[in-house]
Structure formats: structure tokens, C-alpha cells
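Q: Any chance you can model this:
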Amino acid sequence: MPRENVALFVRPNFDRATSYGNYYMGLAAAYASRNMRVIDLDTSNATKSNIFTSLEEEDPIFCYFNGHGNADTYSAQNKEVVMVTGNGDESLIGRVVLLLSCSCGIRLAPSAVSKGATAVYGWVVDFTWIATEDPATDAYAAGFFESVNAINNALAEGKTTQEAMNLSLASWNQWIEYWIRSVDPYASQVVQWLIHDRDGQKLFGSTSARVSTLAPPTPDVGEIPVPLPFMTGYTILFLSSLIV
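A: Predicted structure coming up:
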């Protein structure tokens with residue numbers, strides 16, 4: 001039986017795309033650690049062996065996985081295949097999973113739920129964002145990953161899976177409105193991909209599950225801050241977690 005208030009983070013980091021997920025998941029892990037025991041498999045530790053060992057020995061109720069993938073495959077560090085539809089997804093029985101890996105919501109996430117995973121957040125599209133610089137200072141990428149992390153943060157606060165989904169969608173919408181009002185030359189492209197990822201985000205399984213019993217008050221975050229000044233001379237990139 002998965003252990004309440006225990007979370008597993010899998011944060012590969014071996015190319016430009018995974019460096020973004022790694023950075024923002026580090027923020028999510030720090031947030032979750034306020035209320036939960038966190039097992040953080042970072043970079044070279046994000047291997048298939050370590051993942052399954054952690055699932056067995058630590059038995060986390062919540063898993064946040066990042067990596068490359070497709071409709072049937074999730075892979076971690078150096079594209080090591082961790083699970084495919086019908087093989088390995090049974091390890092998610094009783095767990096709530098945030099699976100930030102391209103298109104895994106098409107078949108892998110529903111398969112995991114059919115085998116007994118409590119709930120899985122996944123994307124039925126290739127998760128795509130715009131990026132120009134280091135993840136910590138990239139104003140274009142921030143809205144994409146902060147909207148995903150809203151799921152993690154809400155669950156760590158004791159909210160239900162549906163409440164977490166609603167807060168994430170609200171974040172997507174807030175960022176979309178922000179960029180609609182922006183005069184930045186790339187604003188329309190940012191909006192296009194924010195909508196793409198928002199609409200591709202799905203919740204499979206239970207809408208009432210919780211992973212934490214603790215529910216501290218959520219502080220007011222106010223308005224989305226104005227982004228840091230953009231650096232000139234950079235080529236705009238479309239980065240996707242699906243590079244197979």
C-alpha cells in the first residue's frame with residue numbers, strides 16, 4: 001500500500017530539453033518537501049533500476065516523472081526506457097503520477113490507470129515550449145513549467161487530484177492572458193504553444209484522491225511578475241520532451 005506523504009521525483013538531465021524539466025522539478029521537489037518526504041532521483045540517479053528500487057522500498061504515493069517518451073514509452077536518464085504500455089506500468093498501482101513526458105497520455109497513462117494506478121496526469125500531445133536561455137532566467141519557458149508544477153504544489157498542500165488539475169488549468173490560462181497582452185515579438189508563438197500544452201493535459205483516474213494529509217494555507221501569489229529582460233541575439237527554440 002503506497003505511503004501517504006511520500007513522493008518520488010525523477011529528474012533526468014542529459015540534454016537541453018531535460019535540463020528545463022530538471023530545473024523546474026527541483027523547485028517542485030523543494031515545495032513538496034515542506035509537507036512530504038521526498039526521494040529525489042536527480043541526473044545520473046534517474047535510472048530504471050533506481051526508480052523501481054525506490055517504488056518498491058519507499059512505496060511513494062506520489063510520483064513526478066520527467067523524461068522523453070511517446071504514446072507507449074517513458075524513458076529517463078540518457079533515454080533509458082523505464083516502462084512501456086503493458087510492461088512496467090503495473091508498478092504505479094495505488095499511486096498518483098504526474099508524467100511529464102510527451103504523448104504518454106495517449107496510451108501509457110490510461111493503461112497504468114486500468115492496471116490500478118489511482119490517477120495519472122499526462123499529455124496527449126508532445127509537450128512543447130519556447131526557450132531562449134538558461135532555465136532559471138528564461139522568461140518564455142516559465143509559464144509552461146510553472147503551470148505543470150501547480151499540480152505538484154496543490155497535491156503537496158493536500159488538495160484533491162481534480163483541485164490540482166483546476167489550479168493548473170487556471171495557471172495556464174493566466175499565462176495565456178499575460179502573453180496575449182504582451183508586445184513581445186514572440187508573444188503569439190508563446191500563446192500558441194501554451195494553448196497546445198494546456199489542451200493536451202489530461203487527468204486519468206480518480207478526481208478525488210489526495211497524496212498528503214497536510215493542507216497549509218496557500219499564500220496569495222498576486223500578479224504574474226514581469227519577465228526578466230530578454231537577451232538579444234538568441235535563436236528562438238521549440239523544445240519538446242519527445243526526442244527519440
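Q: Only C-alpha atoms from now on, for both contacts and neighbour counts.
A: Noted.
Q: ok, now which ones touch the nearest residue to M1 once chain neighbours are set aside?
A: Nearest non-adjacent residue to M1, counting by Cα to Cα, 6 or more residues apart in numbering: G94, 7.0 Å away. Neighbouring residues of G94 by Cα atoms under 8 Å, 6 or more residues apart in numbering: 1-2, 61, 116-118.
Q: Ramachandran coordinates for G94?
A: Torsion angles at G94 (phi, psi; degrees, to the nearest 10) stand at phi 80, psi 0.
Q: now swap in D40 and tell me
A: Phi and psi for D40, reported as degrees, to the nearest 10, are phi -110, psi 110.
Q: Grab the nearest non-local neighbour of L41.
A: Nearest non-adjacent residue to L41 (Cα to Cα, 6+ apart): V10, at 4.9 Å.
Q: where does that neighbour sit relative to A29, distance-wise?
A: According to Cα to Cα, to the nearest Å, V10 stands 10 Å off from A29.
Q: any residues in contact with both of those two?
A: Residues touching both V10 and A29 (Cα under 8 Å, 6+ apart): D40.
Q: Bridged to the spatially most central residue of the chain, which residues?
A: The chain has L100 as the residue nearest its centroid, 4.2 Å off, counting by Cα atoms, centre = their mean. In this structure, L100 bridges to N66 when assessed by DSSP bridges.
Q: correct me, but it touches V124?
A: No. Contact criterion Cα atoms under 8 Å: L100 and V124 do not qualify, at 10.7 Å.
Q: just the strands in this protein please.
A: Under the criterion DSSP state E, strands of the chain are mapped to 3-11, 37-42, 60-66, 69-70, 73-75, 81-84, 96-100, 119-123, 128-131, 201-205, 237-240.
Q: Helices along this structure, start to end?
A: Along the chain, counting by DSSP state H, helices occupy 16-32, 48-57, 108-114, 139-156, 161-180, 187-200.
Q: Let me see the mean pLDDT of the last one.
A: This points to helix 187-200. Mean pLDDT, computed over helix 187-200, is 98.
Q: One more: the fourth one?
A: Average pLDDT, helix 139-156: 98.
Q: again with the shortest one
A: Computed over helix 108-114, the mean pLDDT rounds to 98.
Q: Now do that helix: which elements does it pack against?
A: strand 119-123, strand 201-205 (3 or more Cα pairs under 8 Å, 6 or more residues apart in numbering; DSSP states H and E).
Q: Would you tell me which one of those strands is buried the most?
A: Per-stretch averages of neighbours, counted by mean count of other Cα atoms under 10 Å, single out strand 119-123 among the helices and strands packed on helix 108-114, with a mean of 27.
Q: what packs against that strand?
A: strand 96-100, helix 108-114, strand 201-205.
Q: ok, 10 Å please
A: The contact analysis (3 or more Cα pairs under 10 Å, 6 or more residues apart in numbering; DSSP states H and E) places strand 119-123 against strand 60-66, strand 96-100, helix 108-114, helix 161-180, helix 187-200, strand 201-205.
Q: Can you tell me how far L98 is from Q201?
A: As judged by Cα to Cα, L98 and Q201 stand 10 Å apart.
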